[in-house]
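**Q** generate a structure from the sequence data that follows.
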Amino acid sequence: IIMKHKTLLFYNPSFEKGGVEKNIINLLENKGFTKDYNIKIISIDQFKFKKSSNVKFIIPKFYSYFVKNRLIKYLIAVIYLFIHSLKSENVILSFQNNIFAILVTFFTKNKIIIRLNTAPKKYIMNNCSKKFFSFFYKKSDLVLCNSIYFKKDIKNYFGINAIFFKNFLNVKVIEKLKKIKCNEPFLKAKNSLKLISIGRLVDQKNHIILIKAAKLFKFKFKILIIGDGNQKESLLSLIKKNNLEKRIKIISYTKNPYPYIFKSDIFVLSSKFEGMPNILLEAAIIKTLIVSSDCPTGPKELIQNKKTGFLFKNNSEKSLAKVMNKIYNKDNKKIINKIYANIKKDYEIKKNINNFKELINKI
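**A** Numbering: from 1, shown residues only. Take a look at the predicted model:
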C-alpha cells in the first residue's frame, strides 16, 4: 500500500465515555494502523491509551482541567485544527463536531473523512436543517457510518452514499479484562436473575423503560445500571417511588465494565436510538445474553430475534417485560454461542484495519 498522506489529524474535541471513543482508542492502540502514519490528536480531553511514538496530542493538557463546557471545547479545538491543518498535507478524521471540521477544510484544502454517530431524526427538525447538514456533509471526502440501516437513513435524509464500516472490536482485550475480579454485591445474589445495563444516564439511553418494566417482571431479579448523566436523580427517584431500592442499583461509570457484564445473566439495551452500539458487540463477545430495544438503527442488524438475542418494541416497558417473562428460565446457550461466533468473525479489528487504511489512502 502506498501512503498518499502521512499525517492524520484525529478530531474529537470532547472525549466522552461512549462507543465512538472506544473505537478511536482501539484504532490508536493497533500497531498495524499507527505504524504507517504520523497521528495527531485534537481533543481537549487527553484520554489514556497505549501510546505509540508517532501518536501525539496537540492541545496542552492543562485545558482539560478547567474547560468543561462542550461548546467551548469545540471552539478551542477547531482553532487548533485550523492551525495544524495549515502546516502540511493532512487527512482529517472527524468523529465529532463535523460541521466545524468541514469548515476548516474550506480554507486549508485538506481531505476530510467524517464519521456520523447520531441518527438524523434526532437533529433534523425541518427542511432547512436537512438542507444545512446535507450541504456540509457533501463537502466531505468520505462519510462513514457503522450500521446498514444508518447508511439508508443518511441516503434518505442527505442524499449521500455513506460507507458502512464495522466498529473496531479488540476481542483479545475484552476477553482478558472480563476476568478481572468484580466485587459488586448485586452480582453475587443467589436465586435472582442478574440484569445489567450500561450507558449514559440520558434520555437517549431510556433507562426509565427498564425500571418501569421491572415492576412487571414475574421472577426474582437484580438490576445493575452503570453510568453517569443528567437523569441520575430522576432515575433514583423513580426507583424509590416504585420501592425497587433492593432490586435496582445505579453505580458510576467504570473504565472496565467487562467483569460486570461477565457476572450478569442478561445485558439489556433500552435505548431510543443508536448507531451500532459498541456495548452490544462487547456483551456478545463476553457471552452474555442480549435483550435490546428494536430501535433505529443498529440492534436489529446484530440481533435476529430469538436466534441471536431478543428484541422488544422500542420505548415500551410492557414489551420488554413480556420478553423477559418468556425467557428468564430458558436455556439460551445456543443463542449466546451463535451471536458470539458472528461478532468475533465480523468485527475483530485485525480483520477490518486494512480496509480502513485503504479508504484513507484512496483520498
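
**Q** host element of the residue nearest to residue 120 when sequence neighbours are not counted?
**A** In this structure, residue 120 finds its nearest non-sequential neighbour in residue 157, 4.2 Å apart by Cβ to Cβ, 6 or more residues apart in numbering. Any C-beta I mention is one placed from the backbone N, CA and C, and that applies to glycine too. Per DSSP states H and E, residue 157 falls inside helix 148-158.

**Q** buried sites along that helix?
**A** For helix 148-158, a neighbour-count test (16 or more other Cβ atoms under 10 Å) marks 149-151, 153-154, 157-158 as buried.

**Q** what does stretch 283-298 give?
**A** So, applying 16+ other Cβ under 10 Å, buried residues of stretch 283-298: 283-286, 288-298.

**Q** narrow those residues to those in helices?
**A** The helices in this structure, assigned by DSSP state H, contain 283-285 from the buried residues of stretch 283-298.

**Q** before we move on, back to that, among the buried residues of stretch 283-298, which two are most distant?
**A** 286 and 296 (24.9 Å; Cβ to Cβ).

**Q** rewinding a little: nearest to residue 342, of the buried residues of helix 148-158?
**A** residue 149 (17.0 Å).

**Q** hmm, residue 296 and that closest one touching each other?
**A** Yes - Residue 149 lies in contact with residue 296 (Cβ atoms under 8 Å); the separation is 6.2 Å.

**Q** ok, which stretches of the stretch 151-300 of the chain are strands?
**A** Applying DSSP state E, counting those that start in this stretch to the stretch 151-300 of the chain gives strands spanning 163-164, 193-198, 221-226, 248-251, 266-269, 289-293.

**Q** just give me the lowest mean pLDDT stretch among those.
**A** Of all the strands of the stretch 151-300 of the chain, strand 163-164 carries the lowest average pLDDT, namely a mean of 93.

**Q** what is it packed up against?
**A** Judged by 3 or more Cβ pairs under 8 Å, 6 or more residues apart in numbering; DSSP states H and E, the packing partners of strand 163-164 are strand 142-145, helix 148-158.

**Q** partners of that strand in the sheet?
**A** Strand pairing for strand 163-164, using DSSP bridges, gives strand 142-145 (parallel).

**Q** CA-only coordinates of the strand it pairs with in PDB, if you can.
**A** Extracted in PDB, the C-alpha atoms of strand 142-145 (Å, rounded to 0.1, in the frame of the first residue of the first chain):
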ATOM      1  CA  LEU A 142     -15.900  10.400   2.800                       C
ATOM      2  CA  VAL A 143     -18.800   9.900   5.100                       C
ATOM      3  CA  LEU A 144     -18.600   6.800   7.300                       C
ATOM      4  CA  CYS A 145     -21.300   5.100   9.400                       C
END
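
**Q** okay if I get the strands of the stretch 151-300 of the chain as TSV plus distance to residue 208?
**A** TSV is the format used below for those (distance: least, Cβ to Cβ, whole Å):
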stretch	distance to residue 208
strand 163-164	31
strand 193-198	11
strand 221-226	11
strand 248-251	12
strand 266-269	13
strand 289-293	12
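
**Q** ok, which of the ones you listed comes nearest residue 21?
**A** Between the strands of the stretch 151-300 of the chain, strand 193-198 lies closest to residue 21; by Cβ to Cβ that is 13.9 Å.

**Q** what about the chain, any weak spots by pLDDT?
**A** Along the chain, segments meeting pLDDT under 70 span 1-5.

**Q** residues contacting the residue of the chain positioned farthest from its centre?
**A** In terms of distance from the mean C-alpha position of the chain, residue 191 ranks first, at 32.5 Å (Cα atoms, centre = their mean). Residue 191 makes contacts with residue 220, as judged by Cβ atoms under 8 Å, 6 or more residues apart in numbering.

**Q** measure it to residue 222 for me?
**A** Per Cβ to Cβ, to the nearest Å, residue 191 is found 10 Å from residue 222.

**Q** in TSV: the ones in helices among the buried residues of stretch 283-298, plus distance to residue 244.
**A** TSV is the format used below for those (distance: Cβ to Cβ, whole Å):
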residue	distance to residue 244
283	23
284	28
285	30
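
**Q** closest one to residue 55 out of the residues you listed, please.
**A** residue 285 (25.5 Å).

**Q** measure the closest residue to residue 264 other than its chain neighbours to residue 221 for me?
**A** Of all residues not flanking residue 264 in the chain, residue 196 sits nearest, at 3.9 Å (Cβ to Cβ, 6+ apart). Distance, residue 196 to residue 221, using Cβ to Cβ: 11 Å.

**Q** who's more crowded, those two?
**A** More neighbours surround residue 196 than the other of residue 196 and residue 221, with 25 against 19 (other Cβ atoms under 10 Å).
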